[in-house]
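J.: sharing a sequence plus its predicted fold:
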Amino acid sequence: MKHHLTRPRFTRRLKIVFSLGLLGFAAVMNAADTHAFKPGELWLDAGGKPINAHGGGMLYHQGTYYWYGEHKEGPTTTPACNKSWGGTRTEMVGFHCYSSTNLFQWKDEGLVLRAVTNDAQPDLHPSGVLERPKVVFNARTKKFVMWMHIDSADYSAARAGVAVAEQPTGPFTYLNSVRPEGQMSRDQTLFQDEDGTAYRIYSSENNQTTYISQLSDDYLTHSGKFVKAFAGRSMEAQAICKRDGKYYLIASGCSGWAPNAARSAVADNIMGPWTELGNPCEGKDAQTTFAGQSTYLLPVAGKPGAIIFMADIWKGDDIASSRYLWLPVRFEDDKPRIRWEKSWNLSVFDH
């Protein structure tokens with residue numbers, strides 16, 4: 001009887017220990033899971049809500065990353081003025097910001113620039129277009145400066161807007177919009193060089209030419225110094241980085257919401273001349289950039305030469321459900337190479 005009584009208790013104890021072990025293993029796996037990038041999968045913030053920062057850019061400031069992007073919500077519609085090319089849209093809400101110290105777990109910092117329904121600021125009316133926010137910090141003025149694409153619903157306005165804030169989490173105060181160099185300005189990005197000079201890189205001349213414009217010392221206007229690059233190449237979604245003294249650009253063609261093959265280019269000077277390097281993506285689905293479109297090239301703090309390719313997987317028929325595509329950029333023979341990774345972490349840059 002003694003053995004019959006002891007064995008069930010021992011078995012129960014084993015079951016308890018085993019269950020606790022499974023729970024512990026699951027906790028470890030879940031913790032590890034939060035430190036892996038999973039391109040195309042739903043990405044939740046620290047509060048358990050889907051991250052809402054599309055067409056975004058990144059600012060690294062005092063040990064923290066700030067991710068700014070377009071807040072997309074509500075139904076997807078097709079304005080009558082856009083039916084010929086399938087230009088679906090959601091009503092403008094504003095720009096969202098998230099913060100992180102490790103690039104995996106993101107705290108929701110809320111809307112940092114909001115749409116306005118009155119006539120005081122028509123550029124920000126919900127019926128219009130507010131896209132591609134990029135932010136840099138001006139060390140001289142101590143201001144955070146945001147540039148963006150401002151447009152009408154039919155994309156005919158093609159303007160560049162600027163806003164400023166005292167803190168990286170805003171709120172940002174919208175100042176005005178311009179047609180820089182007297183030309184159109186649509187998809188855009190910002191680049192800040194080591195000497196503090198800032199540049200806007202944007203689609204112009206009806207997206208046929210990429211302009212690279214140096215900003216003023218306070219980053220609030222264009223200085224008048226600019227070059228035209230990639231004439232006749234119909235590029236958008238520009239992203240730029242600097243590595244080993246060379247400037248690298250990745251962009252996409254113009255095909256609406258449908259993905260296409262990415263392009264890449266290199267230059268010894270940001271003002272050119274630029275040499276195209278072809279599609280940086282390799283492997284299956286490389287001709288559609290793995291169903292994505294570039295938005296930013298992110299240098300990883302503390303890992304010299306490490307660059308993350310930030311892109312969006314747009315869903316033109318349900319824009320609010322669009323996802324994110326982050327992949328490591330590897331440089332081989334001085335050319336950027338991007339390959340599909342189902343799951344990856346920052347250790348890939350240690351090899």
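T.: That came in fine, so what should we check first?

J.: roughly how far does D312 sit from I319?
T.: D312 sits 10 Å away from I319, going by Cβ to Cβ, to the nearest Å. (Glycine included, C-beta is placed from N, CA and C.)

J.: restrict stretch 108-122 to CA atoms and write it as PDB.
T.: The C-alpha coordinates for stretch 108-122 follow below in PDB (Å, rounded to 0.1, in the frame of the first residue of the first chain):
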ATOM      1  CA  ASP A 108       2.800  54.000 -28.100                       C
ATOM      2  CA  GLU A 109       3.500  57.800 -27.900                       C
ATOM      3  CA  GLY A 110       0.300  58.700 -29.600                       C
ATOM      4  CA  LEU A 111      -0.500  61.100 -32.500                       C
ATOM      5  CA  VAL A 112       2.200  63.700 -32.800                       C
ATOM      6  CA  LEU A 113       0.700  65.600 -35.700                       C
ATOM      7  CA  ARG A 114      -3.100  65.500 -36.200                       C
ATOM      8  CA  ALA A 115      -5.500  66.300 -39.000                       C
ATOM      9  CA  VAL A 116      -7.600  69.400 -38.500                       C
ATOM     10  CA  THR A 117     -11.200  69.800 -39.700                       C
ATOM     11  CA  ASN A 118     -11.400  73.600 -39.700                       C
ATOM     12  CA  ASP A 119     -10.100  75.900 -42.500                       C
ATOM     13  CA  ALA A 120      -7.300  77.300 -40.400                       C
ATOM     14  CA  GLN A 121      -4.800  74.800 -41.800                       C
ATOM     15  CA  PRO A 122      -6.100  73.400 -45.100                       C
END
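
J.: contacts for that stretch next, please.
T.: 45-47, 49, 66, 68, 71, 91-99, 124-126, 128, 130, 133, 146, 148, 163, 165, 169-172, 174 (Cβ atoms under 8 Å, 6 or more residues apart in numbering).

J.: same check on stretch 133-142?
T.: Against stretch 133-142 from outside (Cβ under 8 Å, 6+ apart): 55-57, 59, 61, 66, 68-70, 95, 113, 143-148, 166, 168, 188-190, 192, 196, 198, 217-219, 296.

J.: could you find the closest non-adjacent residue to G196?
T.: With Cβ to Cβ, 6 or more residues apart in numbering as the criterion, G196 has its nearest non-adjacent residue at 6.3 Å, and that residue is A139.

J.: hmm, S99 and K107 touching each other?
T.: Yes - using Cβ atoms under 8 Å, K107 makes contact with S99 at a distance of 4.9 Å.

J.: just the helices in the protein please.
T.: Counting by DSSP state H, one finds helices in the chain at the ranges 2-33.

J.: so where is it shaky, pLDDT-wise?
T.: 1-34 (pLDDT under 70).

J.: any idea which residue sits dead centre in it?
T.: G56 (3.1 Å; Cα atoms, centre = their mean).

J.: quick check, that one in contact with Y66.
T.: No - between G56 and Y66 there is no contact, the gap being 10.0 Å when judged by Cβ under 8 Å.

J.: residues contacting D217?
T.: D217 sits next to R140 when contact means Cβ under 8 Å, 6+ apart.

J.: list the contacts for D312?
T.: Counting by Cβ under 8 Å, 6+ apart, D312 makes contact with H54, G55, G56, G292, Q293, T295, S322, R323, Y324, L325.

J.: show me which of these is closest to Q238.
T.: Nearest to Q238 among the contacts of D312, counting by Cβ to Cβ, is T295 at 9.1 Å.

J.: roughly how far apart are A163 and R114?
T.: 11 Å.

J.: these two: which has the busier surroundings?
T.: A163 (23 against 19; other Cβ atoms under 10 Å).

J.: bridged to the more buried one, which residues?
T.: A163 forms beta bridges with M146, Y174, as assigned by DSSP bridges.

J.: swap in V227?
T.: I212.

J.: would you agree it is in contact with Q214?
T.: No - if you go by Cβ under 8 Å, V227 and Q214 don't touch, sitting 9.3 Å apart.

J.: more neighbours: which of the two?
T.: Q214 (18 against 15).

J.: ok, Y324 - contacts?
T.: P39, G40, W43, I51, H54, M310, A311, D312, I313.

J.: and the residues you listed, which are buried?
T.: For these, a burial check counting by 16 or more other Cβ atoms under 10 Å picks out P39, W43, I51, H54, M310, A311, D312, I313.
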